[in-house]
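S.K.: What follows is a predicted protein model with its sequence.
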Amino acid sequence: MKIHAKRSVIWVMAALWLATTRAQLVEPYGPVPSKAQMKWQEMEFYLFMHFGPNTFSDLEWGHGTEDPKIFHPTELDCRQWARIARDAGAKGIIITAKHHDGFCLWPSKYSDHTVRESDWKEGKGDVIRELADACASYGIRFGVYISPWDRNHPKYGTKEYNRVYVNTMRELLRNYGDLFELWWDGANGEGPNGKKQVYDFHRFETVARRLAPNTVIFSDIGPDIRWVGNEKGIAGSTNWDLLDTAGFTRGAGSPPTDTLNRGNVNGHRWLPAECDVSIRPGWFYHPQEDTAVKSGKDLMKLYFLSVGRGANLLLNVPPDRRGLIAAPDSASLMAFKQMRDEYFRENLAHRANVTVSATRPGFLPSLLTDGFRFSYWAAPEGQNTCTIEIDMGMEKVFNTVLLQEYIELGQRVRSFSVEVWDGSEYKEVAHGTTIGYKRLLQFPLQHSSKIRIAITDSKSNPVIGDIQLYNCPEIVLNE
C-alpha cells in the first residue's frame, strides 16, 4: 500500500510539472480564469444557509421592524451544520450574515439590530464566529451573504448608508478568517424612511478587494461569479463562462435571465455561473415544509444540471428554530452523497488506450484518460475539430460520459458528439454544445469496448483535460 501511494504521488507531481511546462506551448484563447476563480470552480458544491429573524417569524422577507428578541435558537450548533456539510461532500457554507431585514448575525458596531439586542446567549452570542470556527474545524470553507438592502437601518436611503455598509462588510472581512466567497444580493427596496438606496458598488468592490483579494465576489454581474438567471439550480445546456457586462447593473439593470443562464460566446469577461437553489420550497425554514424537502434523487438531477453543465451548485439548507439542520434535510443530503459515490465509483475509461485524429508533439493522448484534468491534451494549432477514440480493450456497460476542458487556457469547444462502436461503425448516442470545466451527459445503456468523442466546432484548437466513463445505476437526466 505504501509503495502504491508513493507511486501515485510521483505520478501527480510529474503530471503537474508537465502541465506547468507545457502551458507555455499553448496560447490562451480569450479571457481566462484567475487563480481565485479556479479554486472556487474546483469546489463544485457547497451549502447556502438562510438563517435569522425570518426563521422565527415564518417570513421570507422580513420587514425590518421585528423585535430582535424573536431571534432565539434553543440549541444552535454550528458544528452540526459543518459536520453535515462535510459528510455530504459540500466544500463550504455561505451564511446570510445580514438579510434584507437588516438583522446582523454578529454584534456589529454599525447597527442596533443584531444578535447583541436579542436574548440569545444574553446578547453575547455571535453566529458568524461560531460558524467560521466550525467550518475551520471540519475542513470546509466559509463565506458570507451581506444584503445591501436594509429595511431597518435609519441611514438607508442616504449617502451615509454606503459608508455604513462598507463598515459592516469590513467587520466580516477582517474578523472571521479567510472567506472564499462574498455574496451580493441585487435587491433594492425601500428602507424605514421610505427611500431606496443608490448603492456604491464600485466603492464596495474596492474595499473588498483591498481587504480580501482572494475572496471571489458574486452578484448578477460579478465581478468574479455571475448569477445563473434563476433560482432553480439549473445552468443552460449551453453555458459559456464568459459574459459582457458593459452597460448593465446589479439588480433590475442586470442582463436578461437567458443571457445570464447561457453566458456570451464571445464575452469579454471570465464570469462563471453559480446555481443557487433551496432544498425546500422556501429559503428560510418553515415547519410546514418538512414534508416538501427535495429527495436525494432530486438533488442528483440538479447536480447534473449545474455542475454537469460547468457551473457550481449552491444548495440552500436552512437551519430550523432550534438552530439545527432538520432531520429531513440531513437525510436528503446523505442520500445525495451516497448517490454521487455510487454514480462515480468506477471510471471505466481510466487508463484506456486513446487514439486522436491529429497528434501534437509534447501532448500524449494517454493523458486524456489518466484521471487528472490538469494533464491535458491539445489539438494542433489551427485545427478546431478533432476526434478522440477511447478503446477499453473489452466490452463494458456504460451510460454516462464526463468531459473537461483545461479552462485555464480558455473555454473553446462550441459543439461535440459522443459516439459508440456497435461492432461495425460508430453511432451517435449524445451530443452537446459547451464543455467548460465539466460536462456530464447521460444516454441509453451501451455495451461496447470503444467510444469516440468528436469535437465538431471549437473557437480555437481544443484543449481537453479529461474524459471519464461511468455506468450509473439509473438515468437522472435526459437532455
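M.R.: Looks like it arrived, so ask away.

S.K.: Lowest average confidence across helices and strands of the chain, where is it?
M.R.: Taking mean pLDDT, DSSP states H and E as the measure, the chain has helix 2-22 as its least confident helix or strand, at a mean of 54.

S.K.: chain center to whatever helix or strand comes next after that helix: distance?
M.R.: Following helix 2-22 in sequence order, the next helix or strand is helix 35-41 (DSSP states H and E). Distance, stretch centre to chain centre, for helix 35-41: 10 Å (CA atoms, centre = their mean, to the nearest Å).

S.K.: Return helix 35-41 as CSV; C-alpha atoms alone will do.
M.R.: What follows is helix 35-41, C-alpha atoms only, in CSV (Å, rounded to 0.1, in the frame of the first residue of the first chain):
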residue,chain,number,x,y,z
LYS,A,35,-6.4,31.5,-9.6
ALA,A,36,-9.1,32.5,-7.1
GLN,A,37,-11.8,31.7,-9.7
MET,A,38,-10.3,28.3,-10.4
LYS,A,39,-10.0,27.5,-6.7
TRP,A,40,-13.7,28.4,-6.4
GLN,A,41,-14.6,26.4,-9.5
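
S.K.: what mean pLDDT does that helix have?
M.R.: For helix 35-41, mean pLDDT rounds to 98.

S.K.: now what about it, what contacts it?
M.R.: Helix 35-41 is contacted from outside by 33, 180-181, 213-216, 224-225, 270, 272, 312, 407-408, 437, using CB atoms under 8 Å, 6 or more residues apart in numbering. To be clear about C-beta, it is placed using only N, CA and C from the backbone, and glycine gets the same treatment.

S.K.: Just the buried residues of these.
M.R.: Those of the contacts of helix 35-41 that meet the buried threshold are 33, 180-181, 215-216, 224-225, 270, 272, 312, 407-408, 437, by 16 or more other CB atoms under 10 Å.

S.K.: closest to residue 138 among those residues?
M.R.: Closest to residue 138 out of these is residue 180 (14.3 Å), distances taken as CB to CB.

S.K.: do you know how far that closest one is from residue 339?
M.R.: As for residue 180, its distance to residue 339 is 25 Å (criterion: CB to CB, to the nearest Å).

S.K.: again, but for residue 164
M.R.: Distance from residue 164 to residue 339, counting by CB to CB: 45 Å.

S.K.: Between these two, which is the more surrounded one?
M.R.: Neighbour totals were compared for residue 164 and residue 339, and residue 339 leads with 21 against 18 (other CB atoms under 10 Å).

S.K.: List the residues that contact that one.
M.R.: Residues near residue 339 by CB under 8 Å, 6+ apart: 296-297, 299-300, 473.

S.K.: Could you give me the buried positions within the host helix or strand of it?
M.R.: Secondary structure assigned from DSSP H and E places residue 339 in helix 327-343. Within helix 327-343, the residues scored as buried using 16+ other CB under 10 Å are 328-330, 332-333, 335-337, 339-340, 343.

S.K.: likewise stretch 444-454?
M.R.: By neighbour count on 16+ other CB under 10 Å, the buried set for stretch 444-454 is 446, 448, 450-454.
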